[in-house]
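J.: Mind looking at a prediction? Sequence and model below.
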Amino acid sequence: MTRDELVAEIVNPAGIAEADLAVAVVSRLEADRIALPTTKAALGLIRAYPELKAVLINCDNASQDGTREAFFAAAAEVPRIYVSSPPGLTGRGLNIQNAMTMADRLKVRALAVVDANLTSITAAWIKSLFEPLLKQDAEYVSPIYVRHRHEAPLSRRLAYPLLRTLFGRRVLEPVGVDHAFDRRLIKVYKDAVFEADDRGFRSDLKLLALAVMNQARICQSLMLYPRLSAAKTSDSDLPRAFMKAARALFDLMAETWAYWPGISRSRPTALAGAGEEIKNPPPQVEVDQARLAAQFVALGRKQEAAWKRLFSPVPAGNLVRILAAAVRGEAPQVPGDLWRDCLFEASAAGARDEALRDEAVAALAPVFLGRYLAGLTEDQEANARQVNAQVETEALSFETAKPELTALWRRRVGS
């Protein structure tokens with residue numbers, strides 16, 4: 001199926017043929033929620049860029065719950081276009097693909113993408129996403145939200161340190177649909193293939209990787225508000241979400257093997273909005289540590305044999321000892337260096353064998369839980385600034401150990 005064929009339906013009541021700016025609202029079965037981001041995005045465009053021609057695009061997965069109708073019914077004084085992938089094909093990757101296709105057809109200067117299930121979006125977000133592109137010569141904008149110190153473990157403990165190590169750019173929130181891109185990157189993305197992944201990890205990661213590999217000017221933008229959505233990852237969902245994210249990362253490592261070993265160190269990324277006042281504090285996040293500890297024990301028992309098979313003797317032995325202590329009732333505490341070493345070894349285990357990647361990811365899931373729990377203990381008395389410093393310290397330890405990661409992969413795939 002060609003990229004044009006992925007655009008199965010277009011509804012363009014105003015006959016918009018060109019625009020300066022576009023905001024794509026990506027959705028699947030979001031009839032009850034799409035009005036808010038549609039209204040806020042339109043208001044943000046009108047307030048910040050009244051002199052520019054703007055359009056809203058709903059990139060949808062052929063939802064049958066009235067998403068399209070709710071999109072057009074929302075209060076918004078900006079022209080709208082509805083685009084759908086073919087019936088039966090779902091996933092955020094397809095919506096991202098169609099957003100790039102439509103943005104290219106409309107010849108927009110810049111495109112922002114937001115999720116239809118956002119409940120905390122404000123009109124100010126739109127300026128925060130577009131301003132670095134229009135005023136600071138950026139080509140890729142990634143948001144930084146106001147976060148509680150226990151939020152976003154997949155970004156802080158997994159995606160951020162590993163992607164920083166691989167690609168040499170410090171982008172704190174690489175996992176998430178809300179981003180903005182200039183025309184050059186839109187053309188790059190239009191010709192890429194974005195898989196029909198349900199949670200969007202693959203598409204999120206590919207957007208950043210392609211930006212780095214095409215030497216795009218990357219900027220982070222402080223959003224000044226928390227990011228709240230109708231879809232939340234609960235403690236019980238965390239292992240499954242981790243496995244999807246880790247598998248997407250391992251696939252990306254294999255796809256970009258010719259590139260990332262040549263990156264020796266990371267560099268800071270520009271930050272827009274750093275001097276602005278935080279508008280809303282993040283909501284309190286309560287973590288059910290007892291439940292996570294029970295999950296660590298249950299998954300650890302299932303994966304103990306895999307640990308001994310996939311990991312070298314020292315990390316495998318340390319994990320077995322931590323599991324034994326957890327079975328006796330002690331809190332699982334996986335230190336940062338053990339987590340890093342296991343992650344590196346697991347990624348290399350499936351370097352040439354896709355089936356083995358699933359086994360490696362499953363073996364890592366309890367290790368990740370143990371690292372998250374240890375991080376909660378380490379952060380117990382820390383404020384947000386101290387937690388961020390700890391995240392940076394751990395990411396630096398990943399980066400410093402990159403020669404070991406590269407050596408592990410070379411032994412598997414050759415030079």
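T.: Received, thanks.

J.: Spit out the contact partners of the residue nearest to residue 334 when sequence neighbours are not counted.
T.: Nearest non-adjacent residue to residue 334, counting by Cβ to Cβ, 6 or more residues apart in numbering: residue 370, 3.4 Å away. The C-beta positions use only the backbone N, C-alpha and C, and glycine is treated the same way. By Cβ atoms under 8 Å, 6 or more residues apart in numbering, residue 370 lies in contact with 296, 300, 319, 322, 326, 332-334, 339.

J.: let's see it at 10 Å
T.: For residue 370, the contact set (Cβ atoms under 10 Å, 6 or more residues apart in numbering) comprises 292-293, 295-297, 299-300, 319, 322-323, 326, 331-335, 338-339, 342.

J.: how far is the host helix or strand of residue 102 from where the chain is centred?
T.: Secondary structure from DSSP states H and E places residue 102 in helix 92-105. Helix 92-105 sits 17 Å away from the centroid of its parent chain (Cα atoms, centre = their mean, to the nearest Å).

J.: still on that earlier bit, which ones among the contacts of residue 370 map onto helices?
T.: 292-293, 295-297, 299-300, 319, 322-323, 326, 338-339, 342 (DSSP state H).

J.: Please enumerate the strands of the protein.
T.: Ranges of strands in the chain, per DSSP state E, are 9-11, 21-27, 54-60, 80-84, 110-115, 140-144, 179-182, 218-222, 270-272.

J.: which strands and helices sit next to the first one?
T.: In this case it means strand 9-11. Under the contact criterion of 3 or more Cβ pairs under 10 Å, 6 or more residues apart in numbering; DSSP states H and E, strand 9-11 touches strand 54-60, helix 67-73, strand 80-84, helix 92-105.

J.: so of those, which one's packed in deepest?
T.: Of all these, strand 54-60 has the most neighbours on average by mean count of other Cβ atoms under 10 Å, namely a mean of 26.

J.: ok, residue 220 - contacts?
T.: 132, 138, 140-144, 169-173, 268-274.

J.: try residue 158
T.: When contacts are counted by Cβ under 10 Å, 6+ apart, residue 158 touches 152, 174-175, 242, 245-246, 249, 339, 343, 364, 368, 371-372.

J.: Ok, residue 377 next?
T.: 289, 331-333.

J.: same check, this time on residue 13
T.: Counting by Cβ under 10 Å, 6+ apart, residue 13 touches 72, 79-82.

J.: Look up how far residue 251 lies from the closest residue to residue 45 other than its chain neighbours.
T.: Nearest residue to residue 45, sequence neighbours excluded (Cβ to Cβ, 6+ apart): residue 54, at 4.2 Å. Distance from residue 54 to residue 251, counting by Cβ to Cβ, to the nearest Å: 35 Å.

J.: Distance to residue 156 and mean pLDDT added to the helices and strands packed on strand 9-11, as TSV?
T.: Converted to TSV, those look like this (distance: least, Cβ to Cβ, whole Å; pLDDT from 0 to 100):
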stretch	distance to residue 156	mean pLDDT
strand 54-60	28	98
helix 67-73	32	98
strand 80-84	33	98
helix 92-105	21	95
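
J.: mind putting those in JSON lines, distance to residue 388 included?
T.: JSON lines is the format used below for the helices and strands packed on strand 9-11 (distance: least, Cβ to Cβ, whole Å):
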{"stretch": "strand 54-60", "distance to residue 388": "33"}
{"stretch": "helix 67-73", "distance to residue 388": "37"}
{"stretch": "strand 80-84", "distance to residue 388": "38"}
{"stretch": "helix 92-105", "distance to residue 388": "27"}
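
J.: Tell me which of those lies nearest to residue 11.
T.: For these, the distance to residue 11 is smallest for strand 80-84, at 4.1 Å, taking Cβ to Cβ.

J.: what lines up beside that closest one in the sheet?
T.: Note on strand 80-84: by DSSP bridges, its sheet partners are strand 9-11 (antiparallel), strand 54-60 (parallel).
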